[in-house]
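Chemist: here is my input, please return the structure:
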Amino acid sequence: MHTSHTNPQAIGLIDALGAKDASTRLKAALAAGTDPEPAYVDALVARCGVEPDFYVRDMLTWALTRFPAAATVPKLLAELGADRSQARSQALHTLSKIGDPSTWPAVTTGLLRDPDDEVARAAWRAAVVLVPEGQEQALAAELARQLARGDREVRLSLSRALVALGEHAEPAIRIALDSTDPEVAAHAKATERLLRDPEAAFELNVGTAKRAFALGGREPDADR
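Modeler: Below is the predicted model:
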């Protein structure tokens, strides 16, 4: 990784962020966050978009949270428009950890509905952290429009985002429970169960939803 900085220590650390060995990259990210220097910000943000190792990415995010928001937030916001999906998802993840309320407008509907599941999941998590008071119910309604999206892990992520909104999510979930799409209804039911008991198992009973629709309504549920 090339740099225009003349500080040999900074050059060495920035080069180490692109080393072949993951442990070397991890140590470099840790060092950058332990002794944050402005010279590191560009390299840390750029590396987030291409780093293949989960643990290194997590350390890159931690390192960026150690810098003043004024130094990192504008560069992370710029990454939200990147072509590379990992750059978008990691920028969203890092913004959620920084928690700057001014970044809320950047979590757009386009990102919440991003065709890449990992970007969308990161956007959902960031949104529930950054949403301003009074806009939680509107966010819940937007998230509920994506019920039944993706595989089980994607659906669990969406449910957890809705659960994080608490009572603000209840109206949107109630509407989805009556969906004519059994996949949506089943996902809504699983989300409702988690809302009542966050420790409950995440169960997608699509067959039950199909039977309920065939009978013209939801099946009786003893725990409701």
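
Chemist: can you tell me the element Ser96 falls in?
Modeler: helix 85-98 (DSSP states H and E).

Chemist: now swap in His187 and tell me
Modeler: Counting by DSSP H and E, His187 is found in helix 182-196.

Chemist: may I have that helix as CSV, with CA atoms only?
Modeler: Taking Å, rounded to 0.1, in the frame of the first residue of the first chain, the C-alpha atoms of helix 182-196 are listed here in CSV:
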residue,chain,number,x,y,z
PRO,A,182,-47.5,-16.9,4.1
GLU,A,183,-43.7,-16.2,4.1
VAL,A,184,-44.3,-12.7,5.3
ALA,A,185,-46.9,-13.8,7.9
ALA,A,186,-44.6,-16.5,9.2
HIS,A,187,-41.7,-14.0,9.5
ALA,A,188,-43.9,-11.5,11.2
LYS,A,189,-45.1,-14.2,13.7
ALA,A,190,-41.5,-15.2,14.5
THR,A,191,-40.6,-11.5,15.0
GLU,A,192,-43.6,-11.0,17.2
ARG,A,193,-42.4,-13.9,19.3
LEU,A,194,-39.0,-12.4,19.7
LEU,A,195,-40.5,-9.1,20.6
ARG,A,196,-42.3,-10.7,23.5
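
Chemist: output the below-cut-off pLDDT ranges for this protein.
Modeler: Under the criterion pLDDT under 70, the flagged ranges of the chain are 1-6, 205-224.

Chemist: Ala126 reaches Leu95, doesn't it?
Modeler: Yes: proximity of Ala126 to Leu95 meets the contact threshold set by C-beta atoms under 8 Å, at 5.7 Å. In this view, the C-beta of every residue, glycine as well, is placed from N, C-alpha and C.

Chemist: where do the contact lists of these two overlap?
Modeler: Common contacts of Ala126 and Leu95 (C-beta atoms under 8 Å, 6 or more residues apart in numbering): Val107.

Chemist: show me what the helix holding His187 is packed against.
Modeler: Helix 182-196 is packed against helix 152-164, helix 170-177, helix 206-214, with contacts defined by 3 or more C-beta pairs under 8 Å, 6 or more residues apart in numbering; DSSP states H and E.

Chemist: tell me how many other residues surround the closest residue in space to Thr24 that isn't next to it in sequence.
Modeler: Nearest residue to Thr24, sequence neighbours excluded (C-beta to C-beta, 6 or more residues apart in numbering): Ala16, at 5.5 Å. Neighbourhood size, Ala16 [other C-beta atoms under 10 Å]: 19.
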